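S.K.: I need the structure of the sequence given here:
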Amino acid sequence: MIDFLIASLTDGLLLGFVYGIAAMGLSLIWGVMRVINLSHGATIALGMFGIYLAFTGLGMNPYLTLPLLAAASLLLGILVYFVAVHRVIDAPYLSTLLATFAVNMIVIGIGTAIFTTSPRNVDFSLGSLSLGPITVTWARVLAALAAAVVTGLLYLFLYRTRLGKSIRAVSNNKAAAELMGIATSWVLAFSFGLGTMLAAISGGLIATFFPFTILAGGGYQVKGFVICVLGGLGNPLGALIGGLILGAMEGIIPAFMETSWVPVLEFILFVIILLVRPTGLLGSKT
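M.R.: Prediction:
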C-alpha cells in the first residue's frame, strides 16, 4: 500500500508541474491587468492540437515543437489582446469577462467545425522509468522538466530583463509606469501574450499523455482557477505551488476512493480557501 501511495503521489506531483504553468498564465494576466481570462481553456486546447498536428502531419518531435508553439501562441495572445481586450481593459470586470468568453466560444466553434469533438491523442511513447517502487512514464517526467524550465525562464524574464521589469511596474502601478515613459498598452499586450503562451505550452504537454478534444481545455481552465485561488491570484510562484498541491491530491485521492470524487474534493478545497484565506497561500493582502 505504501509503495502504491508513493508511486501515485509521484505521478500526481509530476502532473502538478504542468497544471502549475497553466495556472501561471491565468495568474499573470490577472496580476498585470486584472482580467479573468475565460479564453484560457480554449488556448490550452489549441496547444494540444498544435502539438497533435505537428506530430501527425509533419512528424515533428512533440518536445522539440514546444518552442515553435510558444512563439505562435505568444503572437496569438498579443493579437487577441488588441482585438478583444484592449478596448475594455479599464471597463468593469463583466466587460472583460464577456470579451474573453466570446474569444473562447469563437475558438471552440471553429475548432469543433474543423476537428469535430472526436478524441485525439499524440501516440508518442518514450517508455517508463522505474526507481524502486516508483514507475512513471518518461512523458510525465519530461513534461515536468519542461514545466520547470519554463518556470525558471519566466522568473528570469520578469526579474532580469527590462521588459520583465516593465511588466512588474505596470502591475504595481499603471499610472506611475506611464509617467515613467513605459508604453503600457504594449506591455499589457505582451503580458496577455505570455499568459496565452503558458496556457498553450501546458496544453501541448498534457497532449503527450492524455487524450483530448477541442472541449478538453475547459476542465483544465477550471483546475487553473482552483490553483490560482489556492496559491494566490497574481503570484506565479503561488500558482506553481498550488499546481503541485492539486497534482498531489489527484495522485493520492484515487488510492482511497473513487476517481469521480477528485473534482468534488478539489472544489471543497476551493471553497475552504476562499472562506479561510481568500488571498491564497502566497497572495497579496491588497
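S.K.: for the stretch 101-250 of the chain, what spans make up the strands?
M.R.: Assigned by DSSP state E, counting those that start in this stretch, the stretch 101-250 of the chain shows strands spanning 128-131, 134-137.
S.K.: elements contacting the first one?
M.R.: Put plainly, it is strand 128-131. When contacts are defined as 3 or more CB pairs under 8 Å, 6 or more residues apart in numbering; DSSP states H and E, strand 128-131 packs onto strand 134-137, helix 138-160. C-beta coordinates here come from the backbone N, C-alpha and C atoms, glycine included.
S.K.: Throw these into TSV and include distance to Gly251, thanks.
M.R.: Shown next, in TSV, are the helices and strands packed on strand 128-131 (distance: least, CB to CB, whole Å):
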stretch	distance to Gly251
strand 134-137	11
helix 138-160	11
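S.K.: Of those, which is nearest Thr65?
M.R.: helix 138-160 (11.3 Å; CB to CB).
S.K.: what about that closest one, distance to the chain center?
M.R.: Taking the mean of its C-alpha atoms, helix 138-160 sits 12 Å from the chain's own mean (CA atoms, centre = their mean, to the nearest Å).
S.K.: Now it: buried residues?
M.R.: Of all the residues in helix 138-160, those buried under the rule 16 or more other CB atoms under 10 Å are Ala139, Arg140, Leu142, Ala143, Ala144, Ala146, Ala147, Val150, Thr151, Leu154, Leu158.
S.K.: For the helices and strands packed on strand 128-131, give me TSV that also has mean pLDDT and distance to Gly12.
M.R.: Formatted as TSV, the helices and strands packed on strand 128-131 follow (pLDDT from 0 to 100; distance: least, CB to CB, whole Å):
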stretch	mean pLDDT	distance to Gly12
strand 134-137	80	10
helix 138-160	92	10
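S.K.: other SSEs contacting the helix of greatest length in the chain?
M.R.: Longest helix in the chain, counting residues (DSSP state H): helix 2-33. Applying 3+ CB pairs under 8 Å, 6+ apart, one finds that helix 2-33 contacts helix 40-58, strand 134-137, helix 138-160, helix 162-172, helix 184-206, helix 217-231, helix 236-252.
S.K.: Can you say which of the ones you listed is packed in most?
M.R.: Mean neighbour count (mean count of other CB atoms under 10 Å) peaks for helix 184-206 among the helices and strands packed on helix 2-33, with a mean of 26.
S.K.: Extract the CA atoms of that one and return them as PDB.
M.R.: Output of helix 184-206 as PDB, limited to C-alpha atoms (Å, rounded to 0.1, in the frame of the first residue of the first chain):
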ATOM      1  CA  THR A 184       1.700  50.400 -21.100                       C
ATOM      2  CA  SER A 185      -0.500  49.200 -24.000                       C
ATOM      3  CA  TRP A 186       2.300  47.100 -25.500                       C
ATOM      4  CA  VAL A 187       3.300  45.900 -22.000                       C
ATOM      5  CA  LEU A 188      -0.200  44.700 -21.300                       C
ATOM      6  CA  ALA A 189      -0.400  43.100 -24.800                       C
ATOM      7  CA  PHE A 190       2.800  41.200 -24.200                       C
ATOM      8  CA  SER A 191       1.600  40.100 -20.700                       C
ATOM      9  CA  PHE A 192      -1.500  38.700 -22.200                       C
ATOM     10  CA  GLY A 193       0.600  37.000 -24.900                       C
ATOM     11  CA  LEU A 194       2.800  35.500 -22.100                       C
ATOM     12  CA  GLY A 195      -0.300  34.100 -20.300                       C
ATOM     13  CA  THR A 196      -1.600  32.700 -23.600                       C
ATOM     14  CA  MET A 197       1.800  31.100 -24.300                       C
ATOM     15  CA  LEU A 198       1.900  29.400 -20.900                       C
ATOM     16  CA  ALA A 199      -1.600  28.000 -21.500                       C
ATOM     17  CA  ALA A 200      -0.700  26.700 -24.900                       C
ATOM     18  CA  ILE A 201       2.600  25.100 -23.600                       C
ATOM     19  CA  SER A 202       0.700  23.400 -20.800                       C
ATOM     20  CA  GLY A 203      -1.900  22.100 -23.300                       C
ATOM     21  CA  GLY A 204       0.900  20.800 -25.600                       C
ATOM     22  CA  LEU A 205       2.500  18.900 -22.600                       C
ATOM     23  CA  ILE A 206      -0.800  17.500 -21.500                       C
END
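S.K.: ok now it, how far from the chain's centre?
M.R.: Mean-position distance between helix 184-206 and its chain equals 9 Å (CA atoms, centre = their mean).
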